[in-house]
Structure formats: C-alpha cells, structure tokens
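Colleague: sequence first, predicted model second:
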Amino acid sequence: FNVDKFKLNFFLSKKYTDKNILSFGDTLHKVHPLAGQGFNMTVRDIKSLTDQIQKNIDLGLELSTAIIAFEKDRKHNNFFFAYGIDFLHNFFEKENRFKILDNKKISDFHIRSGSPLAYRQTGEIIKVEDVMVTAQDLKDLLSMNCNEHELEKFNKTHELDTSVTLSGLRFRANFYKTIKGPACVCRRVESKIPDMDQFSLPQALYDIVDFHKGLVLVTGPTGSGKSTTLAAIVNEINKTRNANIITVEDPVEFIHTDNKSIISHREVGKQTETFAAALKAALREDPDVILVGEMRDLETISLALTAAETGHLVFGTLHTSGAPSTINRIIDVFPPEQQEQIRAQISTSLKMVVTQRLLKTRDGAGRVGAFEIMKCTAPIQNLIREAKIHQIPSIMQTAVRDGMITMDKSLEELVKSGKIDPGAARSEH
C-alpha cells in the first residue's frame, strides 16, 4: 500500500466529503479495529486522512486488505460506490505500473501521452507494451508535483524542469509537449547519499576534498553520473571539514544533512529565480564551498570564476567531452574583447577538469565509469594563457605522475582489466 499514490488518486477525484471519509474510517475499524481507530475524530481533510494511514502503516498494519474489503462492503452508499468502484482498481493498477521504479539499473523513465511506458536500462530503451500512458496521467503528475508558478511556466513555454515523486521515490523531471499531448522524462534521484569509497574513483578526486579555493568542473554527456560524483565529493567534505556548503541546482537531487559542515540547498525556480541570482547571493552568505548545478550562461560562469578567485571552492558541471573543449566552451561564452582577460582568469582559478562517461560492463550486469583528469599545473596554466589549448592533451599524456589521465588511456585500462568490451571502448571515440 502506497500513501503517496493513494493521496494522488483520492485528491484528484475531488469528490470526497467529510461524510464519506468518516464512512471510510468506520469500515476500516470494522475490518481491523486498530486500523480505523481515531478516524472519526481526526480525519477532516485529505492530509489528515493520509497522515493517519501512514501512522497505521508505521505500526506494521497491512491496510491494503482493509481497503479492498471496504471496496466490497456495499452496505455503505459511500464515496467509492457513489462514483464507481473503478477508483480503487485504477489505484492498484497504477501501483503495479510502477513496480519497476525501484530497479537500480534503470536510469530514466519515458512517460508519453498515447504511448507505452518506456525506460532506459543500462543504456538501452525498453518499452512496456502493456502499459499505455494517458494524457491524464501526465496532467496528474504535473498537478501533484508542481506549484502554480511552474504550471504557468509549462503552459507558456511548453517545457519545464522540476522534480517529482512517484511511489515515494524522487526523480528529476523534464516535462514537454508533443503532438500526442504532454510527456515527461524522469531521471531517478537516489535518496541515499553516495560515498566516494563505493565507486572506483581516481585518486585525484580524493585530492579535491582538501581544496579550499578554486574552480573544479565535472563534465560529460547527460546520464554520465556527474551529479553522483559531485554528491560523493560534497559528502566527503561534509564528513571531514567544518565548512559552509551552498548548493544551487535545477532541481535539487541529493539532499545532504549537516555533519561536520553545514549545508543549504536551493532549487532554481523554487527557492531562487536563476543560477546567477543564487550565485550572486551566495557570495554574501559566508560560503566555503559552492556547488553550481549547471554553468549555462555568461553571468553564471563569470560569477563562478569570481567566487573561485576570491577564496571559495566552486564546483560546476558542463556537458562537454574533455578538458580542451570545456575550457574553450567557457572562453567562447564571452565576447572576443574579453577573452584574453578570461583566459588569464581561468588559468589562475581553474584547479581541475574531470570528464566522465558510463559504459556497459562486459557481463552486461551494470555500468562502469571512465574518467579523464586534467589538473591545472603550471604548464597547463601557460597553455591556457597563451591560447594554446589544443596542446593540453599532449601535456596530460606525459603528466601521469601528477595524477592526470586522458579518456583514451582510461578506456584502454578498462579493456585491459576486462571490465568493458573493446567494442564499447571504440564506440566512445
């Protein structure tokens, strides 16, 4: 029995009354005396109803049996029969629809009006042909997870980035409109904070924990694990340092709790208007560490560089494929007359560029990360200042002792260790 799903369906019906809710409590009490206890006194609206259900579940009661019995109890001319008994059938049907939500190998769910439910598992799209998504499913998902401002934005722009909850699990979601109606892609957000030791991360990433200023960029394509890597690093800082950490994300993914550090999360569109506005404000909030979910525009990038220059450790992400393209992307955001100054600023502020990709393991059971590491050593700094960024890979190839590695070398090592198939490595070139 899932409270969130029950709340969704019960609320969306908008047909309940106090009398019907009391009838619901009476019937629960008849089926299981403890289950219905307190309903007649406390339930007056949907929130207290679901709160009471949750309390009973916490006591270890199996309430789904009671609800099914309630559905069959035709002596009551109550909500469920006055408006048709399909309600609870639909409820359980929708629950079964999302049985696969908890599958850790699935990264994305594709929920599109008039199309079968689909998901991406270990990099491949799989369709669930017997589960057809309706436009109403998408409307329900929007109305239950978005505030008025977000709904207005979606209706105006036809796209929306936000977060949603399905069957108690959190997802990063992008809603968009198609010819068939609204659609959504939901990416699983792990509620458990990742630990650096649970991944095969390069030693260079552990060095970041001891950085106290500068810019660290984690780059790679969508779905390559950038957010997970950053969450693991922030978690390590939280466990080992007394710092003030501020994250600005769209949406917030991993929610950290204070340990040695104190952490504040801000979500674009909910707790702040833009990345740039939050970053500007963060500089007046006594930060030690700032995480910027995505460096999208000139103002955000400029503020991130300034923050890194003025004694803060700043983390950011970009959808670039390597250190040279990352540096060029930042420089190219600025007008030509500012680019020489920006190159100088990057050469002193940038500490490390981490590029990562996820590849299917040889046995097909999961995925493994390949990492490219560029540290901003003196030779790299000179190349950036002198606009010789294309020469950076040759420096990286000879700087293994400094902890640098190219993506080609990382892929080669994964093949040698038998973790990935040679064909998977070739496809990444």
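Modeller: Perfect, thanks for sending it.
Colleague: what bridges to the spatially closest residue to residue 105 that is not a sequence neighbour?
Modeller: Computed as Cβ to Cβ, 6 or more residues apart in numbering, the closest residue to residue 105 that is not its neighbour in sequence is residue 121, at 5.2 Å. From N, CA and C alone the C-beta is placed, and that goes for glycine too. Residue 121 forms beta bridges with residue 106, residue 124, as assigned by DSSP bridges.
Colleague: tally of neighbours for residue 121?
Modeller: 14 (other Cβ atoms under 10 Å).
Colleague: neighbours of residue 326, just the number please.
Modeller: If we define neighbours as other Cβ under 10 Å, then residue 326 has 28 of them.
Colleague: residues contacting it?
Modeller: 217, 219, 318, 320, 353, 355 (Cβ atoms under 8 Å, 6 or more residues apart in numbering).
Colleague: reformat these into JSON lines and put distance to residue 329 next to each item.
Modeller: Shown next, in JSON lines, are the contacts of residue 326 (distance: Cβ to Cβ, whole Å):
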{"residue": "217", "distance to residue 329": "10"}
{"residue": "219", "distance to residue 329": "9"}
{"residue": "318", "distance to residue 329": "6"}
{"residue": "320", "distance to residue 329": "5"}
{"residue": "353", "distance to residue 329": "11"}
{"residue": "355", "distance to residue 329": "12"}
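Colleague: relative to residue 157, which of these is nearest.
Modeller: Taking Cβ to Cβ as the measure, residue 157 lies nearest residue 318 of the contacts of residue 326, at 23.2 Å.
Colleague: before we move on, back to that, and the residue nearest to residue 105, how far is that from residue 188?
Modeller: Distance, residue 121 to residue 188, by Cβ to Cβ, to the nearest Å: 11 Å.
Colleague: which residues are common contacts for the two?
Modeller: Shared contacts of residue 121 and residue 188, counting by Cβ under 8 Å, 6+ apart, come down to 106-107.
Colleague: can you list the low-confidence ranges for the stretch 151-300 of the chain?
Modeller: Low-confidence segments of the stretch 151-300 of the chain (pLDDT under 70): 166-168.
Colleague: how about the strands in it?
Modeller: 159-166, 169-178, 181-188, 214-219, 244-249, 262-267, 289-292 (DSSP state E, counting those that start in this stretch).
Colleague: and of those strands, who's closest to residue 135?
Modeller: Nearest to residue 135, of the strands of the stretch 151-300 of the chain and by Cβ to Cβ, is strand 181-188 at 3.9 Å.
Colleague: give me the distance from that closest one to the chain's centre.
Modeller: Strand 181-188 has its C-alpha centroid displaced from the chain centroid by 13 Å (Cα atoms, centre = their mean, to the nearest Å).
Colleague: for stretch 413-420, same thing?
Modeller: With Cα atoms, centre = their mean, you get 29 Å for stretch 413-420.
Colleague: for it, which outside residues touch it?
Modeller: Contacts to stretch 413-420, defined as Cβ under 8 Å, 6+ apart, come from residues 359-362, 368, 370, 411, 421-422, 425.
Colleague: show me which of those are buried.
Modeller: 359-362, 368, 370, 411, 421, 425 (16 or more other Cβ atoms under 10 Å).
Colleague: hmm, the residue nearest to residue 105 is touching residue 108, no?
Modeller: No. Contact criterion Cβ atoms under 8 Å: residue 121 and residue 108 do not qualify, at 9.1 Å.
Colleague: any shared contact partners between these two?
Modeller: With Cβ under 8 Å, 6+ apart as the test, residue 121 and residue 108 reach no residue in common.
Colleague: what about residue 341, distance to residue 334?
Modeller: The gap separating residue 341 from residue 334 is 8 Å, by Cβ to Cβ.
Colleague: who's more crowded, those two?
Modeller: Neighbour count, other Cβ under 10 Å: between residue 341 and residue 334, residue 334 has more, with 17 against 10.
Colleague: who touches the nearest residue to that one once chain neighbours are set aside in this structure?
Modeller: Spatial nearest neighbour of residue 334, excluding adjacent residues (Cβ to Cβ, 6+ apart): residue 342 at 5.0 Å. With contact taken as Cβ under 8 Å, 6+ apart, residue 342 is in contact with 305, 330-331, 334.
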